[in-house]
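Undergrad: sequence first, predicted model second:
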Amino acid sequence: MPGLFSKAVAIVIVIMDQDSIVFYRNFKILRIVSRLAACLLVLGFSIPARSAQQASGTATLTYIKVMKGSVPEYTSITVDRNGVGTYQGRRIDSSPNPRALKLSAATTDELFKVAASLGDFHSIKLESNKRVANMGLKTFIYRHDGRESKVEFNYTQNKHADELLTLFEGIAAVEQHIGVLEYSSRYDVLGLPRALTQIEIDLNNHVLVDPQLMVPILKKIVGDSQYLHIAQVRAGNILRRIQNSPNTRKESRRLF
C-alpha cells in the first residue's frame, strides 16, 4: 500500500515538472490524482492501525434474549475477558440504553470456560427441537480478532449451554434489581421495601450472579435518612450478607 502511495505522489511530481500550460489545462486530471493520493494516504496508514487494534483486541461474549411481552422484552449482556461489559434491559421498541458493569474475575473466568466447552459457538446446534412453549429467542455470540460465531435457540437440553444461560440470567437478574432500586429510590420511595424483599428472596434461592454489583445502590439507601427505616434496615441486611459472603453465588437450579 505505501508503494502505491509513492507512485501516486510521483505522478503528481512529474505533472508539475512539465510545461505549466499543460498543467493548468489538465487541472481536472491533477485534481483526480490528488484525490487518489489522499485516498492512498488514508488507506496506507489506517488499515494497518485497524488491523493492529483487532489483533490486540480481547475476546467478548454476548448474551441476548428477546421475548415480546416479558419484562424486559430485550435483554443483552456483553463482557470481555477482563470482566468489563454492558447490560441492557428494555422494551424491544425502545432506544438502546447500555449500562456499564464489571464482573468478578471468578464469574468472568467461568463464563469463558463454559463458552469454550461449547467450542465458542462454532458450528454448534443447541435447539432441542422439542415442542415447548416460547421461552424467548436466546443468542450466544463470541467475538475475537474481528471474527464472530453465534448460536440461537428457544430451548436447549445441552448442559453446558444451560449452565451458561443460568450464569447470564443470574447477572441479568442482578442488573434488573439495580434498575428497580435506582428507580424506586428516586420516584417510588414507598416501593423500596417490596423491591428489597424480592432481592432477599432471590438471594435465598441462589439465583443471583455477582450480587456485589448492588453494593453502591444499597449503600446509598442505607446512608440516606429520606428513605423509610424498614427499607434502610433491609438494605443494610442485604449489604452485610453480600459483603460477608464472597461466595454468595452458588450453583443454582435452572429457572429460565
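TA: Right, received. Where do you want to start? As the structure is a prediction and not an experimental result, all values here were calculated from the model.
Undergrad: which SS class is residue 150?
TA: Of the three states, residue 150 takes strand under DSSP: H, G, I helix; E, B strand; the rest coil.
Undergrad: show me what contacts it?
TA: Residues counted as contacts of residue 150 (CB atoms under 8 Å, 6 or more residues apart in numbering) are 121, 139, 140, 141, 142. (C-beta placed from N, C-alpha, C; glycine too.)
Undergrad: mind running it again at 7 Å?
TA: The contact partners of residue 150, by CB atoms under 7 Å, 6 or more residues apart in numbering, come to 121, 139, 140, 141.
Undergrad: do residue 77 as well
TA: Residue 77 touches 62, 63, 85, 87, 168, 171, 172, counting by CB under 7 Å, 6+ apart.
Undergrad: next one, pLDDT for the closest residue to it other than its chain neighbours please.
TA: Leaving aside its chain neighbours, residue 77 sits nearest to residue 63 (4.7 Å; criterion: CB to CB, 6 or more residues apart in numbering). Residue 63 is assigned a pLDDT of 98 by the prediction.
Undergrad: in this structure residue 63 contacts residue 136, no?
TA: No. Residue 63 lies out of contact with residue 136 (CB atoms under 7 Å); the separation is 11.4 Å.
Undergrad: how about the strands in the stretch 51-200 of the chain?
TA: According to DSSP state E, counting those that start in this stretch, the stretch 51-200 of the chain carries its strands in the segments 60-66, 74-80, 84-90, 99-102, 137-144, 147-153.
Undergrad: out of these, which comes closest to residue 235?
TA: In terms of CB to CB, the element of these nearest to residue 235 is strand 99-102, at 20.0 Å.
Undergrad: list the contacts of the closest one.
TA: Here strand 99-102 has contacts from 83, 84, 85, 86, 87, 175, 213, using CB under 7 Å, 6+ apart.
Undergrad: what's the neighbour count on residue 229?
TA: A count of nearby residues for residue 229, using other CB atoms under 10 Å, gives 9.
Undergrad: how about the helices in the stretch 1-150 of the chain?
TA: Secondary structure of the stretch 1-150 of the chain (DSSP state H, counting those that start in this stretch): helices at 2-17, 20-25, 27-56, 105-117.
Undergrad: now do stretch 223-231: distance to the chain's middle.
TA: Relative to its chain's centre, stretch 223-231 lies at 33 Å (CA atoms, centre = their mean, to the nearest Å).
Undergrad: same check on stretch 232-242?
TA: Worked out by CA atoms, centre = their mean, stretch 232-242 lies 28 Å from the chain centre.
Undergrad: and the contacts of it?
TA: Outside stretch 232-242, the residues touching it (CB under 7 Å, 6+ apart) are 193, 196-197, 199-200, 203, 211-212, 214-215, 218-219, 221-222, 248.
Undergrad: what subset of those is buried?
TA: Among these, those scoring as buried are 193, 196, 199, 203, 211, 212, 214, 218, 221, 222, 248 (criterion: 16 or more other CB atoms under 10 Å).
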